[in-house]
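A.B. asks: What follows is a predicted protein model with its sequence.
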Amino acid sequence: MPRHKDVVFVGSSLKDLKSFPLDARRAAGFQLDLLQQGEQPFDCKPMKTIGRGVNEIRITDDSGAFRVFYVVNRPEAIYVLHALRKTTQKTEIRDIELARARFQELG
């Protein structure tokens, strides 16, 4: 049985995640729980533009599209770098830069 990893929220990522509508927040929590159990989220993809080992969880529901950027390849924890509501087709540069800066802070 894989070791249950803690989730560490970096910067304002927890506050940002809590601002999601209830259904999107629940979906994000479920996906993060899967990660803690060593499994893959249902809809995720690598975010190489942010850094090696950074992925995004993609959530879409009636209220919009949401993203959670995270790092799982660290032995000590899963790090949530950023959580956002998408307002454009491409992820905004400012969101990528914010996640990249938080990723670099991890060292």
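C.D. replies: Thanks, I have it. Since the structure is predicted, the reported quantities are computational estimates derived from the model, not experimental observations. Numbering: from 1, shown residues only.
A.B. asks: Residues in contact with the longest strand along the chain: which ones?
C.D. replies: Taking DSSP state E as the assignment, the strand of the chain that covers the most residues is strand 77-86. With Cβ atoms under 8 Å, 6 or more residues apart in numbering as the test, strand 77-86 has contacts from 5-11, 13-14, 16-17, 19-20, 28, 32, 35-36, 50, 54, 64-72, 91-92, 95, 98-99, 102-103, 106. (Glycine included, C-beta is placed from N, CA and C.)
A.B. asks: Tell me who's in contact with G53.
C.D. replies: 71-74.
A.B. asks: Apply 6 Å and report the result again.
C.D. replies: Residues in contact with G53 (Cβ atoms under 6 Å, 6 or more residues apart in numbering) are 71, 73.
A.B. asks: and it, how far is that from T88?
C.D. replies: Look at G53 and T88: by Cβ to Cβ, to the nearest Å, they are 25 Å apart.
A.B. asks: Check Y70 too.
C.D. replies: From Y70 to T88 the distance is 21 Å (Cβ to Cβ).
A.B. asks: Name the surrounding residues that touch stretch 28-48.
C.D. replies: Outside stretch 28-48, the residues that touch it by Cβ under 6 Å, 6+ apart are 2, 4-5, 7, 17, 54-59, 68-69, 72, 78.
A.B. asks: The same query, at a cut-off of 7 Å, please.
C.D. replies: 2, 4-5, 7, 17, 20, 54-59, 66, 68-69, 72, 78, 83 (Cβ atoms under 7 Å, 6 or more residues apart in numbering).
A.B. asks: Relative to L98, how far out is S63?
C.D. replies: Taking Cβ to Cβ, one finds S63 at 22 Å from L98.
A.B. asks: so what pLDDT did I93 get?
C.D. replies: pLDDT for I93: 95.
A.B. asks: okay, now it: neighbour count?
C.D. replies: Residues lying near I93 (other Cβ atoms under 10 Å) number 9.
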